[in-house]
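K.L.:
take this sequence and fold it.
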Amino acid sequence: MAGSALDELPRWSWLLGFDLWSATLVIATIGIVHPSAYIYSCFVHRGFLFTAAWLLAAAWCGFSVGLLVGIMQGLVLAYECWVWFTLVFAPLMILLMGALAAHCCCRLRTSLAASFVPVLAMVFYWITLYFAFVVNSGRMSRFS
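P.N.:
Sure thing, here's the model as predicted:
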């Protein structure tokens, strides 16, 4: 395997006690289930932020399905595409959730939960960057 920029990312050997193969399966499953968190928001709020977040989450779901197939079939390209997309996806979602949190905090009559959910989502997307490192480590250990 030729060297790539992904080889320079930090390496991890586990995720919550799971080995890298099992951790990659868990992460792919989280990526597939993740867009369901936006279904309610898309029906209730039809703003640009929600639509952009849902479209990005749906694309991440598609890449996660590809990762799941790549795990089962042994396709290194599926791992690489997922990691590259996640390294772009997570910072974009952090920015979108930051804008959403700022919007919720600036509204006069907003509930505490409306402000707390985007902040919680931002924490999840920081953890998603860690997921990218774990999947990349799984790619390197499996295909090196």
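K.L.:
ok, and the closest non-adjacent residue to Ala114?
P.N.:
The shortest distance from Ala114 to any residue other than its chain neighbours is 4.7 Å, reached at Cys104 (Cβ to Cβ, 6 or more residues apart in numbering). Glycine gets a C-beta too; all of them are placed from N, C-alpha and C.
K.L.:
where in the chain is pLDDT low?
P.N.:
Along the chain, the model assigns pLDDT under 70 to residues 1-3, 5-10, 12-15, 39-46, 107-110.
K.L.:
okay, which residue is most central for it?
P.N.:
Taking Cα atoms, centre = their mean, the centroid of the chain lies closest to Thr128, which sits 4.6 Å from it.
K.L.:
state the helix or strand in which the residue nearest to Ala114 lies.
P.N.:
With elements taken from DSSP states H and E, the one containing Cys104 is helix 76-106.
K.L.:
if we can go back for a sec, which residue, other than its chain neighbours, is closest to the residue nearest to the centre of the chain?
P.N.:
Ala90 (4.4 Å).
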